[in-house]
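S.K.: coords below, sequence missing:
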């Protein structure tokens, strides 16, 4: 695909760098922007650059924020500051926040221990988590990591690092997902959901 | 979906304005950019704004260009300047150029006559086409418009406006597409392909 303008070609190349956007989609987006007002497109460009330049990471929980301490960490009345939910990345924070069922704080690890991908504990925000738990005398640490070997390794590692504390350590429940069908569930999930069965009065829809 | 940062929210909103990009995809793109270097993201923003600000439309054929006259119009040796291909938009120019089978020039109408969408001849680059054909003593006008009522109306309108000239008027062939199957072709296409049948020696693969 040869384009009649170098400027157009550069813009297409920039869009095509984004994940899931090929050269044809990039061209469609650029031709769409070409039809917009100059000011609008400048605003588009500036908003994106500004976001990257000015966005901050909360120095307490590493969540994304507009300020040094994020809105969840600074909300001492509405949020239980002694409950920390440990997640892999910002996307998980957004997912949990949209349930509107969680009123504690977060700690974003920035990844997960995965030797195969060359990610060790030192690249993650684990040290800050340990010292945070000790200094703040956290009451509960809730792990909300993806249910796989890497997730379990990370939980195990952090738990050992933590050593002897009064902090309760929990993990989100594994089991048959709501709306799922028993016969299609994998054996491991089904087995765990039987082992960890709940008294019916605890089962809240 | 509530985001923990206004800056992030603004960036997501900008991406979500693009065609075919919803809020979830926009978030994925923004989180990807967040992982890139500040300079890289600034470059992304600047390239897009610059493209919109500096791109020009060739004053002869209205094709997109980096200069006042596009590279096709200014190429007097490699391109037949007396053959004009009339297309609806820039995307069609790109499509025809990628075939590498056409060596004439273009004229981009910027749309097609469509009373239902409120597009009349005055909004299109038809006047400039007419005067171009007369001034440059064009030998052939090749219509490459989409095969529908609007396309046919546009061809008819331009032909009447043109009046009596020595310019030959042609249109791209309609027929069964290469690799297509006869039984699935619509009746109109099949009927036309029979009416406009070609002597076998003209049929070049």
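M.R.: Everything's here; your move. Keep in mind that this is a model prediction, so the values were computed, not measured. Numbers count the residues shown, from 1 in each chain, chains lettered A, B, ... in the order given.

S.K.: can you list the domains in chain A?
M.R.: Following automatic domain parsing, one gets these domains for chain A: A:6-53, A:80-172.

S.K.: out of these, nearest to residue B:6?
M.R.: domain A:6-53 (9.5 Å; CB to CB). Glycine gets a C-beta too; all of them are placed from N, C-alpha and C.

S.K.: name the helix or strand for residue A:52, please.
M.R.: helix A:38-54 (DSSP states H and E).

S.K.: what's that helix in contact with?
M.R.: A:33, A:66, B:7-8, B:10-11, B:14-15, B:17, B:30, B:33-34, B:36, B:38, B:41-42, B:44-49, B:51-53 (CB atoms under 8 Å, 6 or more residues apart in numbering or on different chains).

S.K.: is any residue of the longest strand seen in chain A near chain B?
M.R.: For chain A, the longest strand by residue count, based on DSSP state E, is strand A:80-87. No: using CB under 8 Å from any CB of the partner chain, strand A:80-87 never reaches chain B; the gap is at least 12.2 Å.

S.K.: next SSE downstream of that strand?
M.R.: helix A:90-99.

S.K.: other SSEs contacting the lowest-mean-pLDDT helix or strand in chain A?
M.R.: Ranking every helix and strand in chain A by mean pLDDT, DSSP states H and E puts helix A:187-195 at the bottom, with a mean of 83. With contacts defined as 3 or more CB pairs under 8 Å, 6 or more residues apart in numbering or on different chains; DSSP states H and E, helix A:187-195 has no helix or strand neighbours.

S.K.: identify each buried residue in that helix, please.
M.R.: By 16 or more other CB atoms under 10 Å in any protein chain shown, the buried positions in helix A:187-195 come out as A:192, A:193.

S.K.: from the chain's centroid, how far away is that helix?
M.R.: Offset of helix A:187-195 from its chain centre (CA atoms, centre = their mean, to the nearest Å): 26 Å.

S.K.: quick one: residues contacting residue A:11.
M.R.: Residue A:11 neighbours (CB under 8 Å, 6+ apart): A:26, A:30, A:33, B:47, B:48, B:51.

S.K.: how about the residues you listed in JSON lines, adding pLDDT, distance to residue A:184 and neighbour count?
M.R.: Output for the contacts of residue A:11, formatted as JSON lines (pLDDT from 0 to 100; distance: CB to CB, whole Å; neighbours: other CB atoms under 10 Å in any protein chain shown):
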{"residue": "A:26", "pLDDT": "94", "distance to residue A:184": "38", "neighbour count": "18"}
{"residue": "A:30", "pLDDT": "94", "distance to residue A:184": "43", "neighbour count": "26"}
{"residue": "A:33", "pLDDT": "94", "distance to residue A:184": "44", "neighbour count": "20"}
{"residue": "B:47", "pLDDT": "95", "distance to residue A:184": "47", "neighbour count": "17"}
{"residue": "B:48", "pLDDT": "94", "distance to residue A:184": "45", "neighbour count": "24"}
{"residue": "B:51", "pLDDT": "94", "distance to residue A:184": "49", "neighbour count": "24"}
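
S.K.: closest one of those to residue A:144?
M.R.: Looking across these and measuring by CB to CB, the closest to residue A:144 is residue A:26, at 35.1 Å.

S.K.: buried ones in the longest strand of chain A?
M.R.: Buried, per 16+ other CB under 10 Å, within strand A:80-87: A:81, A:83, A:84, A:85, A:86, A:87.

S.K.: circling back to that earlier point, please list only the buried members of the contacts of helix A:38-54.
M.R.: For the contacts of helix A:38-54, buried by 16+ other CB under 10 Å: A:33, A:66, B:7-8, B:10-11, B:14-15, B:30, B:33-34, B:41-42, B:44-49, B:51-52.

S.K.: now the longest strand of chain A: mean pLDDT?
M.R.: Here strand A:80-87 scores 94 as its mean pLDDT.

S.K.: grab the nearest non-local neighbour of residue A:114.
M.R.: Setting aside the residues directly before and after it, residue A:114 is nearest to residue A:150 in space (CB to CB, 6 or more residues apart in numbering or on different chains), at 4.6 Å.

S.K.: what residues are up against the one you found?
M.R.: Counted by CB under 8 Å, 6+ apart, residue A:150 has contacts A:112, A:113, A:114.

S.K.: in these, which residue is surrounded by the most others?
M.R.: Scoring those on neighbours with other CB atoms under 10 Å in any protein chain shown, the highest-scoring entry is residue A:113 at 23 neighbours.

S.K.: the residue nearest to residue A:114: what secondary structure?
M.R.: helix (DSSP: H, G, I helix; E, B strand; the rest coil).

S.K.: distance of it from residue A:173?
M.R.: 19 Å (CB to CB, to the nearest Å).
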